[in-house]
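Engineer: have a look at this prediction, sequence included:
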Amino acid sequence: MYTLEQLACFVTTVEHGSFSAAARALGKAQSAVSQQIINLEIDSNQRLFTRTGRYPELTEAGKQLLPYAQAVLAQQTLFEQQLCLLDSQQPARLTLALDEGIPATGLKDVLITMAAEFPGLAFETLSASSADIIELVQQGRAGTGLVFSSLEYPSLLHFDSVGTVTFDILVSPLHPLAQHRPTHTDQLKLHRQLVIGSRNQVGSAFNYPLSPDVWQADNYYMLNELTKAGLGWAMLPQHIADQALAEGTLIKLPVDAENLSWHANVDLIQHPGDAATRAGRRLRQLMQGLL
């Protein structure tokens, strides 16, 4: 039966073009590499190389078997990576939950770095409201979360402040508030407010309702669409509303209400299980520069 060492010699010879080059790459004697390939040919009952020229060339059988040998060695590498993760007590998977109201354009660079530093580590991303993310991390369904700041977190969660996001009060240009400039927040209470809710009905600490007439959505993109439809006014993150503002389907409340723009603090929260691992700590470090 063939061995992994035989397959490694076979594939390395193909990749480096000769038995001597493969031996140097593998740190073996050339005779040892040649013998491993001969043994593989005997075990498989196939001739893999022609040896009539200066350099060995793959036979048709060799060409057919090469991708399968490469696949076996790739699986071996993945298996060894998982063993390393187990030996170092690293998680096999990290789950990051993000509030889509927080811009995460730099997230791909974070994931590229994590993939390079922790090969074999599976990664999952979830999207939810901040209130839901806090619950997901508390329950251990997500190990790390990026949320708008809460006045109080469950006692076991780790958290750090990582930046701010700018919000504006926005309406459709056809909305009554766009026609009559509000001079006081009490005038906002006369019109329906569109706010972020959560799946578990827990209210958001920062996006609280001012109006008695409230419609809820669990994500800012739906809130954006409802606001564009003229169904109410909403406080929306600038990066989500930018396109609608450019198209003229949303406007900021007129000048007298400009002081209602504000900056929401953003926190990175982490379950103690993730915070205790090297991969979890590295993710936390990389996320510090996201905003």
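Structural biologist: Ah, there it is.

Engineer: let's see the pLDDT reported for residue 84.
Structural biologist: Note for residue 84: predicted pLDDT of 61.

Engineer: quick check: bridge partners of residue 168?
Structural biologist: On the basis of DSSP bridges, residue 168 takes part in beta bridges with residue 236.

Engineer: quickly list what residue 123 is bridged to.
Structural biologist: residue 94.

Engineer: kindly state the pLDDT recorded for it?
Structural biologist: 90.

Engineer: again, but for residue 222
Structural biologist: In this model, residue 222 carries a pLDDT of 92.

Engineer: what about it, neighbour count?
Structural biologist: Around residue 222 there are 13 other residues, counting by other CB atoms under 10 Å. C-beta: built from backbone N, CA, C; applies to glycine.

Engineer: which element is it on?
Structural biologist: When elements are assigned from DSSP states H and E, residue 222 belongs to helix 220-228.

Engineer: buried sites along that helix?
Structural biologist: Within helix 220-228, the residues scored as buried using 16 or more other CB atoms under 10 Å are 220, 223-224, 226-228.

Engineer: what is that helix packed up against?
Structural biologist: Identification of packing neighbours for helix 220-228 by 3 or more CB pairs under 8 Å, 6 or more residues apart in numbering; DSSP states H and E yields strand 193-196, strand 214-217, strand 233-237, helix 238-247.

Engineer: recalculate using a threshold of 6 Å.
Structural biologist: The helices and strands touching helix 220-228, judged by 3 or more CB pairs under 6 Å, 6 or more residues apart in numbering; DSSP states H and E, are strand 193-196, strand 233-237, helix 238-247.

Engineer: sorry, back to before: ok, of the buried residues of helix 220-228, which one's closest to residue 13?
Structural biologist: Nearest to residue 13 among these is residue 220, at 56.0 Å by CB to CB.

Engineer: angle of the helix holding residue 222 against helix 238-247?
Structural biologist: Relative orientation of helix 220-228 versus helix 238-247 (axes from the mean of the first three to the mean of the last three CA atoms, to 10 degrees): 30 degrees.

Engineer: how close does the nearest residue to residue 218 once chain neighbours are set aside sit to residue 270?
Structural biologist: Nearest residue to residue 218 in three dimensions, chain neighbours excluded: residue 129, at 5.3 Å (CB to CB, 6 or more residues apart in numbering). Note on residue 129: its distance to residue 270, by CB to CB, to the nearest Å, is 18 Å.

Engineer: do the same with residue 240
Structural biologist: For residue 240, the distance to residue 270 (CB to CB) stands at 25 Å.

Engineer: what about those two, which has more around it?
Structural biologist: Neighbours were counted for residue 240 and for residue 270 using other CB under 10 Å; residue 270 has more, 23 against 20.

Engineer: that one: what's it in contact with?
Structural biologist: Residue 270 makes contacts with 144, 158, 284, as judged by CB atoms under 6 Å, 6 or more residues apart in numbering.

Engineer: quick one: buried residues of stretch 117-124?
Structural biologist: Of all the residues in stretch 117-124, those buried under the rule 16+ other CB under 10 Å are 118, 120-121.
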